[in-house]
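Sequence first, predicted model second:
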Number of protein chains: 2
Amino acid sequence: MAVASVRVDAVFRALADPTRRQVVARLTHGDASVSELAAPFDMALPSFVQHLRVLEESGVVRSTKTGRVRTFKLVPKRLEVVQDWLAAQRHIWEQRADRFERYVNEMERDAR
Amino acid sequence: MAVASVRVDAVFRALADPTRRQVVARLTHGDASVSELAAPFDMALPSFVQHLRVLEESGVVRSTKTGRVRTFKLVPKRLEVVQDWLAAQRHIWEQRADRFERYVNEMERDAR
């Protein structure tokens, strides 16, 4: 539970930056090298690599090196964990909203 | 776009902490006062109030004060923004996975 919670923290934190979200969005379309990922950004390479490091430490992406080229790929399972957490919250508040609506409808019917 | 991105950052950052996520989970069940929210946590009140501040600044919760009691409520719309972003990413990678599966199936069929 504690370990899972630390992981969820790291995924949310990794996504709390527009550069890192753009990298994730790029990787949904397919694997990419560091230079391919960095191309759209007007940013010094060491800063960009630091973003990749945060993403990789969170487990949202994984990289492998072949020769001199490091290639990144998305780990969808990690994003699913936070998506599932959000979906669970939404399910509860929507059930509550439904109950409230039924209650209001019953009140209106009784008032007629 | 820049403003929207800052808001998305703030929501992801607000959720990158187990205490704040537990507060969000509690508020899905209904509005609550500071003392009701703080009750399950073995934490000094000022630290806990700081968590509530981060949540409120992100827009994920909103509070109103009546007399001496401050009551918090969830703002589901804010959570939906990050959930929608995640769902959009998932949609893309699942389409890609489907295409890949079709491709493999076709390769296998052609190999027969």
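Cool, got the structure. All values reported here derive from a predicted model rather than from experimental measurement. Residues are numbered from 1 along each chain as shown, chains lettered A, B, ... in the order given.

quick one: low-confidence ranges for chain A?
Across chain A, the ranges flagged by pLDDT under 70 are A:1-3.

Show me which residues of it are close to chain B?
A:5, A:8-10, A:12-13, A:15-18, A:21, A:24-25, A:28-30, A:74, A:76, A:79-80, A:82-83, A:85-87, A:89-90, A:92-93, A:96 (CB under 8 Å from any CB of the partner chain). Every C-beta, even on glycine, is put in place using the N, C-alpha and C of the backbone.

Now list the buried members of those residues.
By neighbour count, with 16 or more other CB atoms under 10 Å in any protein chain shown, the residues of chain A next to chain B hold A:8-10, A:12-13, A:15-17, A:21, A:24, A:28, A:74, A:76, A:79, A:82-83, A:85-86, A:89, A:93 as buried.

if you look at the residues you listed, which of them are in strands?
residue A:74 (DSSP state E).

Which ones among the buried ones among the residues of chain A next to chain B map onto helices?
A:8-10, A:12-13, A:21, A:24, A:76, A:79, A:82-83, A:85-86, A:89, A:93 (DSSP state H).

So which residue is dead centre in chain A?
Compute the mean C-alpha point of chain A, and by CA atoms, centre = their mean the closest residue is residue A:79, 4.6 Å away.

isn't that one right next to residue A:59, touching?
No - assessed by CB atoms under 8 Å, residue A:79 is found out of contact with residue A:59, at 9.7 Å.

Tell me the residues that contact both of those two, please.
Jointly contacting residue A:79 and residue A:59 under the rule CB atoms under 8 Å, 6 or more residues apart in numbering or on different chains are residue A:11.

Can you verify my assumption that residue A:59 contacts residue A:7?
Yes - contact criterion CB under 8 Å: residue A:59 and residue A:7 qualify, at 6.6 Å.

List the residues that are in contact with both of the two.
Common neighbours of residue A:59 and residue A:7 (CB under 8 Å, 6+ apart) are residue A:78.

Count the neighbours of residue A:4 for me.
Number of residues near residue A:4 (other CB atoms under 10 Å in any protein chain shown) recorded here: 10.

Residue A:75 too?
The number of residues packed near residue A:75 is 16, by other CB under 10 Å.

Could you report the separation of it from residue B:50?
The spacing between residue A:75 and residue B:50, counted by CB to CB, to the nearest Å, is 32 Å.

go on, residue A:44?
Taking CB to CB, one finds residue A:44 at 33 Å from residue B:50.

The two: which has the busier surroundings?
The neighbour comparison of residue A:44 against residue B:50 (other CB under 10 Å) goes to residue B:50, with 13 against 10.

ok, now how distant is that one from residue B:35?
The value you get for residue B:50 to residue B:35, if CB to CB is used, is 16 Å.
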